[in-house]
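Visitor: Dropping the sequence and predicted coords here.
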Amino acid sequence: IADQLRNVLITGCSSGIGLALAVKMAKDEQKRFKVFATMRNLAKKEPLEEAAGHRLGKTLEIKQLDVCDEQSIKTCVNSIPDRRIDVLVSNAGMGLIGPIECQSIEEMKTVMDTNFFGLVRLLKEILPDMKRRKSGHIVIISSVMGIQGILFNDVYAASKFAVEGFCESLAIQALKFKLQLSLIEPGPVVTEFERKVFEDGMKMDLSAADKETAEMFTNIYLKNYKQIFQSLGQSAEDVAEHTVKIILAENPPFRHQTNTLYTPMTTLKYADPNGDLPIDIFYKMVFQHDKIFSASLNFIKLLRWRSRKSFDLGKPSQ
Ligand SMILES: NC(=O)C1=CN([C@@H]2O[C@H](COP(=O)(O)OP(=O)(O)OC[C@H]3O[C@@H](n4cnc5c(N)ncnc54)[C@H](OP(=O)(O)O)[C@@H]3O)[C@@H](O)[C@H]2O)C=CC1
Ligand SMILES: CC1=C(/C=C/C(C)=C/C=C/C(C)=C/C=O)C(C)(C)CCC1
């Protein structure tokens, strides 16, 4: 389908990565994509409409889709000509931070339902068509937390690990049907996600946690949260650019990390089969905070300077 117009369905386009990606693909100079930009709440469509400009109604259409609602997914897919989706970008998701003692099972279930079962619901509806056609690319916005946990992100990391385990299994079957499957793994990205998660963290009722845990969350995690996003964070447009390159790549990889500043952390996982190395390093970064944290921020600055050269995924398919 290299020279054919590709139908692209993206979830979670009211803000952040989904919005940036929808707009970037709709503005493709070679007009290779017809974008179905979806969101659960159409009352939030204005920023996307504004960013899409005159592409609206041409290379970009806005549709309602709630990944937690099977009927809404079905209605949306049925409204697409021939139900043909060449590229599915599963992007809708939400964060959750804090000590588990202070989170309800209900809140945790909402995260799993959105980040993990949201993807499962989409694929139950869309995968059979792709298999029948023996063509399609499934692109999932996962996270570095799909391969490595971070302090106070226990349930969010679990939801992204679930996504990765699910996709690793499915990728083998996908290969048999000539389908492509790619996990995009961003580090911190400055979007509504960051703002929502931080605000929820700031107003969290910490009374169910012991003093040491509550202080750890407030004085270490929340205190440094903004600085981490500032020094390490990417823009939604940057992640969108990586995602488009993956979509256009001749042989798209199964996993793609978008943030070269973050790769030293994830690499630690593969450097030690016992799994202790990344945990020890994260421990030192967090709890020998004064010395290590400033050292690691300097290290990040050095990496940022070193990583000016742009990434290269080889020859695009056209
Ligand atoms: N920001 C970050 O640091 C990182 C984010 N990611 C991942 O990137 C993806 C996009 O997040 P990002 O752009 O940062 O954050 P945003 O909060 O800006 O965007 C999330 C989008 O998902 C939508 N959404 C939430 N629940 C549902 C649902 N049930 N059905 C449909 N849409 C829903 C939101 O809609 P609404 O406006 O209605 O809430 C919004 O459009 C997520 O999967 C996230 O886990 C990965 C790595 C890092
Ligand atoms: C770098 C770093 C930290 C935080 C990393 C963060 C906050 C990453 C956020 C990633 C996100 C939001 C991914 C979304 O999917 C710690 C743990 C404080 C320890 C010191 C090093």
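Guide: Arrived safely, thanks for sending. Numbers count the residues shown, from 1 in each chain. Ligands and ions are numbered 1, 2, ... in the order given.

Visitor: can you pull the contacts of Val144?
Guide: Counting by Cβ atoms under 8 Å, 6 or more residues apart in numbering, Val144 makes contact with Glu185, Pro186, Gly187, Gln257, Asn259, Tyr262, Met265, Thr266. The C-beta positions use only the backbone N, C-alpha and C, and glycine is treated the same way.

Visitor: In strands, which of the residues you listed appear?
Guide: Among those, DSSP state E puts Glu185, Gln257 in strands.

Visitor: what's the closest of the contacts of Val144 to ligand 1?
Guide: The nearest member of the contacts of Val144 to ligand 1, counting by Cβ to the nearest ligand atom, is Pro186 at 3.9 Å.

Visitor: isn't the closest one right up against Ile17?
Guide: Yes. Contact between Pro186 and Ile17 holds when scored by Cβ atoms under 8 Å: they sit 7.5 Å apart.

Visitor: between those two, which one's more packed in?
Guide: Ile17 (30 against 25; other Cβ atoms under 10 Å).

Visitor: Report all helices and strands that the helix or strand containing that one contacts.
Guide: According to DSSP states H and E, Ile17 maps onto helix 16-26. In terms of contacts (3 or more Cβ pairs under 8 Å, 6 or more residues apart in numbering; DSSP states H and E), helix 16-26 is packed against strand 6-10, strand 33-39, helix 46-52, strand 60-64, helix 236-248.

Visitor: before we move on, the earlier item: what residues do Pro186 and Ile17 have in common as contacts?
Guide: In contact with both Pro186 and Ile17: Ile141, Val239, using Cβ under 8 Å, 6+ apart.

Visitor: Include distance to Val244 and pLDDT when you put the contacts of Val144 into a markdown table, please.
Guide: Shown next, in a markdown table, are the contacts of Val144 (distance: Cβ to Cβ, whole Å; pLDDT from 0 to 100):
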| residue | distance to Val244 | pLDDT |
| --- | --- | --- |
| Glu185 | 16 | 98 |
| Pro186 | 14 | 98 |
| Gly187 | 18 | 96 |
| Gln257 | 16 | 96 |
| Asn259 | 16 | 94 |
| Tyr262 | 20 | 89 |
| Met265 | 25 | 87 |
| Thr266 | 22 | 92 |
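
Visitor: wait, which of the contacts of Val144 is closest to ligand 2?
Guide: When the contacts of Val144 are ranked by distance to ligand 2 (Cβ to the nearest ligand atom), Gly187 comes first, at 5.4 Å.

Visitor: Off-centre distance for the helix holding Ile17?
Guide: Centroid separation for helix 16-26 versus its chain: 13 Å, with Cα atoms, centre = their mean, to the nearest Å.

Visitor: Now the stretch 201-318 of the chain against ligand 1: closest residue?
Guide: Ala236 (5.8 Å).

Visitor: Could you pull out the helices in the stretch 101-250 of the chain for me?
Guide: For the stretch 101-250 of the chain, the helices defined by DSSP state H, counting those that start in this stretch occupy 105-112, 118-133, 154-176, 192-202, 211-215, 223-232, 236-248.

Visitor: Can you flag the weakest of these by average pLDDT?
Guide: Per-stretch mean pLDDT for the helices of the stretch 101-250 of the chain is lowest at helix 223-232 (a mean of 89).

Visitor: that older thread, out of the helices and strands packed on helix 16-26, which comes closest to Thr191?
Guide: In terms of Cβ to Cβ, the element of the helices and strands packed on helix 16-26 nearest to Thr191 is helix 236-248, at 5.3 Å.

Visitor: what does the stretch 151-300 of the chain put close to ligand 2?
Guide: For the stretch 151-300 of the chain, the residues in contact with ligand 2 (Cβ under 6 Å from any ligand atom) are Leu151, Gly187, Pro188, Asn224, Ile228, Leu232, Phe282, Met285, Val286, Ser296.

Visitor: quick one: which two of those residues are the most distant?
Guide: Maximum pairwise distance among those (Cβ to Cβ): 16.4 Å, between Gly187 and Val286.

Visitor: Which one's more surrounded, these two?
Guide: Using other Cβ under 10 Å as the criterion, Gly187 and Val286 rank with Gly187 on top: 23 against 17.

Visitor: Any figure for the gap between the more buried one and Leu88?
Guide: If you measure Gly187 against Leu88 using Cβ to Cβ, to the nearest Å, the figure is 23 Å.
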